[in-house]
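Novice: Need the 3D shape of this:
(chains A, B and C)
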Amino acid sequence: MSALTLTGVSKVYGKGAGQVYALRAVDLTVEPGELVAVMGPSGSGKSTLLTIAGSLEEPTDGEVTVGESPVSRLSRGERAALRRRAIGYVFQDFNLLAGLTSAENVSLPLELDGVAGRAARAAALVALDRLGLADRAGRFPDELSGGERQRVAIARAVVGERRLILADEPSGALDSVNGEAVMRLVRETCQGAVAGVVVTHDAQLASWADRVVFLRDGRIIDQTTPARGPESLLDADPAR
Amino acid sequence: MLGLLTLAVAATTVGLGLVTNLQGTNQGLLGTANARVEIADPGPNGVAADLAAARQHFGAVEAITHESTPVPGSITPVDLRAQDPHGKFGKPMLRLVSGRYPVGAGQAAVTAAVATTFRLHIGSTWSVNGRALRVVGLVENPKNLPDAFGLVAAGQISSPSSVTLLFEASGPRAGSFHPPAGSGTVESVMASGEGHAERQRSQALAVLLLATIGLTFIGLLSVAGFTVMAQRRLRALGMIGAIGATDRQVRRVTLVNGAAVGVVGAVVGVALGLAVWFALTPAFEQVVGHRYDPFALPWWAVLAGAALAVVTAIAAAWWPARAAAKLPIVAALSGRPAPPQPAHRFALAGTALAGGGFVSLVLAHTVHTVLIVVGIVATTAGMLLLAPLGIKALAALAGRAPVAVRLALRDLARYQARSGAALAAASLAVGIAATITVTAAAQQAHDHTLTGGNLPTDQLIVWLANPHQSGPGLSVAPGGAGMTTPTVPDRAVVASARSTADAIARAVGSTTVVELDGAVDLNSPVPAGTPPDAAEASLVHPFTVRGRGQGWNQVATPYVATPAVLDLYRIPAGDLAAGSDILSSRRDLRGVELGTGFAPDFRPAAVQVSALLPNYTSAPNTLISPKAMAAGGYTAEPVGWLVQARQPVTATQLSDAQHRAAAAGITIESRTGPDQTLQHLRRYATLAGVLVALGVLAMTVGLIRSETAGDLRTLTATGASGATRRTLNAASAGALALLGGILGTSAAYLALIAWHWHNISYLNRPPYAELAVLLLGLPAAAAAGAWLLGRTPSTLGRRPLE
Amino acid sequence: MSVRHALLALLSEGPKYGLQLRDEFEARTGEVWPLNVGQVYTTLQRLERDGLIESDGEDEVGPQKSFRVTVDGAAELDTWLRTPPDLSAPPRDELVIKVLVAIRVPGVEVRDVIQTHRRHAVELMQEWTRVKRDAGPDELSLALVIDAELFRLDSVVRWLDTADARLRRAGTVPASGPPSALPDPGPVRAVEVRR
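Specialist: Here you go, the predicted structure:
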């Protein structure tokens, strides 16, 4: 069973002459344990792909399946439940709720799902601790550095039993060392049953993925073949 | 923002109009004359004699003759008056609503109230004191809408019960008029100067108060709106600063904006307010009880409000601009709110201001204008400074709440500048409503103590006998030696009356029927010829007339202190002291004696004063204790039943009750006098306050929530359902409304306690229903409205434009 | 190529033997620059001839001979560290030439050519990133070397992206439309738009 399957997904904004195709018949399958990067320039439809995969938007055409759940056949409430239980979102910005502490932000999906406050907090602390943020649990987002904020966001995306992490330029606002740290975390999270999709225009971020999918004008035009392994590098001429 | 300001100006305009026209003139009684003499029992030929005598004194005189018309089932008669619709002085007192004025014999016109009471309509026949009158028109007294009467053509009343003379004369001269012998006695004299200055003063004061509060309201809303706007614009302002604009330029940008918003808000607000004012004039006329000229507005105050809207908008724009200019550009660019000021500092200033305002109002003695304005502004400002403390308390409580509620409350606390201003505005709206409501209630209490109103509007008394003075409906049975024995009515008669009382209670939606018992001495034989009701125990003031011996002035007839009556007024049984004979709310019973009406066996009674008993004259305000009952050997006999309704009894219900009573051969007594006006005012003020507060809340919650559109997106992505997002909205609105209700009502009460400091008892009867609406209904409505209107943005996936 | 300066740098830490120098060189550069022993000894001889290092007396070159840096050698190393490398572009960048040619060759879809190179560059980056991911936190030199490689490849990808956008704006390439078959699409799941 795939973690995420998009079949013939199209998305059209507007009507009539003003119609804009954001996505055209996109097929994409992400297996458990796999991290897929979707690369493309601005306006290529990569953010739309992510919001549709995360059931925040409905496709104009096509099927989205998260785990075993066919998203188009779910009610609004069931979709919200899917987002609470199965999907973790990491945005570049607007990530954390300013009114909640780090721990509360992380436990948010669990609390929304009706998990008791104490249990949710315990799970949040575990997630924060894994990301090295145990001492920041009581802080509010604007008391954290940019890198810390993004790590809290990742903690929230992975808390509980998530199976699909969706990230939109997760390190966009960070410097490259902090950005790398964030991608390293995303990469480490996506193993076992957890899969991830990262959309970015940055090749260095995309290179953390197992597979890079190239998106142009709403279409998938190409993708990388699985890595050949580090040995191959030594055969290449490094000093070209 | 513009909406808030417009709303504030409009609400103030309407409020000013209402307050200005609240007080009627005495034209309803005087017409265009400036003096009025009321002569009772002029006799069949007395009217002409009185008129002739008056004309000799005063020149032109207009006479209006009255005939008292009993209403079946009611102890309150209706006035049938003969008046010329085109009379020299009385013309403004009459207005034709429909049909035509009566001409000649056999025709009559009636007011709407009389038409309801007697079930009349144009074309139907009205039997009055044995003659049949055809109803040809509906009329009203436009200067006194509660005036209920029937109208016949001038000269069509042959045996008047009284006559009113209208003429022009000074008060003292009018008072010196005496009708010729045998042509009745002067019952009352009224001249236009009386009470006029007092009324004008209180009216001017009311306008001033409302203008003060209204202008504060406008100012607050401006500040609230601009604080939110400034927060939203912080980044833009930072940007302008970053590209090299001077602080002055930054300030100018906001100032121009503030001025534009102020001018548009003021103009649109006044226009909207006037539109509402004119549109609602017919409804308002019913509320204030007289027709008025809708153009009679305190234009100076309206214009001052508009001007203030512009000024405060500019000032409110200037202040955040100054703050933004002071803020480091980098902080402005980051868009983070400034850390909130510590709430306790506000609280301290707030307490000090509120205290100062309170003292100032107490010292003002309801007359010193400057102290009053200072007091009101200080009290208002003080309560509003306490707002952050309330928000903080709420946020502290939030820790254990579900996450959506917690988030809403935390946001309120974090963005204190805007939520505080929003809360202030909502509090003020509630405060105004609470003030009007409580004032109206106090005014009612005041009127009752002054005029000794007979009953509250939500009570009826079903009397066993008519007139009710005859109490238990006693009769006498012949005894020996020229003596008679008092006899009580047949049990079946009492039971039938009781069942009528129950039926009436059901008809007015009440289940509380309390039997009122009189204390009757059935043992002592009475000299023949003594009125039978003399056997009922009463309270008298003894006096001695030189040469004629001892006399007694009857001052009260006590009712038996049954558990049901004590329970009705929530008087604990233990409150009645063991030594007391009489428990009364009246303070004029010192030195009274208790006994039956004919025998000289009155004995001094120990009177205990209880504030819990009612002040109404017909209500059981004086009770006789079991101890006194036993000592006098009295028997408790039913005299009537008090029906406690849940709501004030409507005219329709009353009419229905009277018909039932008339059919059963008994009578009912209901509230007489024109305090329906205040009742309506209370209700309308509460409604208006709730509506304005809801409007303010809707706009401010909208503003606050629009600030956190990013949060909504995150919440949605995290899996929050629509219900969670709605809960967020509802919690914001509900919390603000609850705090606003509490703060507003507290401020109103604080001001009113200070205002009525010297007659604090007027506040003893809080208008519970209206206060409940403000304190509980408003938050519920706000939360429900926010829940329903808290729609999910359609394109959550898209990032909001910056 | 400055194996010469690298050896000078290693020797500036203290006297070292030839074999030791080779191992340390490879360790410091993350073992991505293989160096044979012959190259090491040739370079050492030249350095000694130029008076930048000196050996411990014995004339024969052998594994037991140890070297240390001279005053002149230290000065030379310092000068070299501060001399900017030649950053001017190579006279003929092969990738640039290929793209320029592709524009003029009839029947060749330039954007497909660009995408092929882009995919290749990203695949290389993925491999480097994998090395970096597997490297321990103390392998600083390795990380630095990989970063250099990643940034170089990243600049290639960015140039390709820019070229793509520029060509598109210039109208050489249709703004949208089904992509023609790629030379080596791999397991691509892209399908034609169904209309």
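Novice: hey, let's count contacts and neighbours off CA atoms from now on
Specialist: OK.
Novice: the strands in chain C, which residues?
Specialist: Per DSSP state E, chain C carries strands over the ranges C:16-17, C:53-55, C:66-69.
Novice: Can you list the strands that the longest one pairs with?
Specialist: With DSSP bridges as the test, strand C:66-69 is paired with strand C:16-17 (antiparallel), strand C:53-55 (antiparallel).
Novice: Can you check which of those gets nearest to B:Lys392?
Specialist: For the strands paired with strand C:66-69, distance to B:Lys392 was read as Cα to Cα. The smallest value, 70.4 Å, belongs to strand C:16-17.
Novice: tell me which element B:Gly785 falls in.
Specialist: Assigned by DSSP states H and E, B:Gly785 belongs to helix B:778-789.
Novice: Now that helix: average pLDDT?
Specialist: For helix B:778-789, mean pLDDT is 81.
Novice: got it, and stretch C:93-106?
Specialist: 84.
Novice: before we move on, what about stretch A:161-175?
Specialist: So the average pLDDT for stretch A:161-175 ends up being 82.
Novice: Is any residue of that stretch near chain B?
Specialist: No - Stretch A:161-175 lies out of reach of chain B by Cα under 8 Å from any Cα of the partner chain, never closer than 10.1 Å.
Novice: Give me the nearest residue to B:Ser580, chain neighbours excluded.
Specialist: Counting by Cα to Cα, 6 or more residues apart in numbering or on different chains, B:Ser580 lies nearest to B:Ala606, which is 5.0 Å off, once chain neighbours are set aside.
Novice: Wait, the one you found touches B:Ile582, no?
Specialist: Yes - under the criterion of Cα atoms under 8 Å, B:Ala606 makes contact with B:Ile582 at 6.2 Å.
Novice: who's more crowded, the two?
Specialist: B:Ile582 (28 against 19; other Cα atoms under 10 Å in any protein chain shown).
Novice: Give me the pLDDT value at the spatially most central residue of chain C.
Specialist: The centre of chain C sits closest to C:Glu149, judged by Cα atoms, centre = their mean, with a distance of 5.5 Å. At C:Glu149, the predicted lDDT confidence score is 89.
Novice: For C:Val122, see how far away it is.
Specialist: 12 Å (Cα to Cα, to the nearest Å).
Novice: again, but for B:Ala307
Specialist: For B:Ala307, the distance to C:Val122 - Cα to Cα - is 67 Å.
Novice: out of the two, which sits in the more crowded spot?
Specialist: C:Val122 (25 against 18).
Novice: residues in contact with that one?
Specialist: A:203, A:206-207, A:212, A:224, C:153, C:157 (Cα atoms under 8 Å, 6 or more residues apart in numbering or on different chains).
Novice: In strands, which of those appear?
Specialist: Taking DSSP E as the definition of strands, these contribute A:Val212.
Novice: Which PyMOL command selects the buried ones in the contacts of C:Val122?
Specialist: Selecting only the buried entries of these in PyMOL, with 16 or more other Cα atoms under 10 Å in any protein chain shown as the criterion:
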select buried, (chain A and resi 203+206+207+212+224) or (chain C and resi 153+157)
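Novice: From the contacts of C:Val122, which land in helices?
Specialist: Among these, the members falling in helices (DSSP state H) are A:203, A:206, C:153, C:157.
Novice: what residues are up against the third one?
Specialist: So that's C:Leu153. C:Leu153 touches C:121-122, C:124-125, counting by Cα under 8 Å, 6+ apart.
Novice: Tabulate those in JSON lines, adding columns for pLDDT.
Specialist: JSON lines is the format used below for the contacts of C:Leu153 (pLDDT from 0 to 100):
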{"residue": "C:Ala121", "pLDDT": "92"}
{"residue": "C:Val122", "pLDDT": "92"}
{"residue": "C:Leu124", "pLDDT": "91"}
{"residue": "C:Met125", "pLDDT": "92"}
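Novice: Turn the residues you listed into TSV, columns for distance to B:Ala398.
Specialist: Formatted as TSV, the contacts of C:Leu153 follow (distance: Cα to Cα, whole Å):
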residue	distance to B:Ala398
C:Ala121	53
C:Val122	50
C:Leu124	52
C:Met125	49
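Novice: If we only consider those residues, which is nearest to B:Leu7?
Specialist: C:Val122 (60.4 Å).
Novice: where does B:Arg36 fall, phi/psi-wise?
Specialist: Per-residue torsions, B:Arg36: phi -150, psi 130 (degrees, to the nearest 10).
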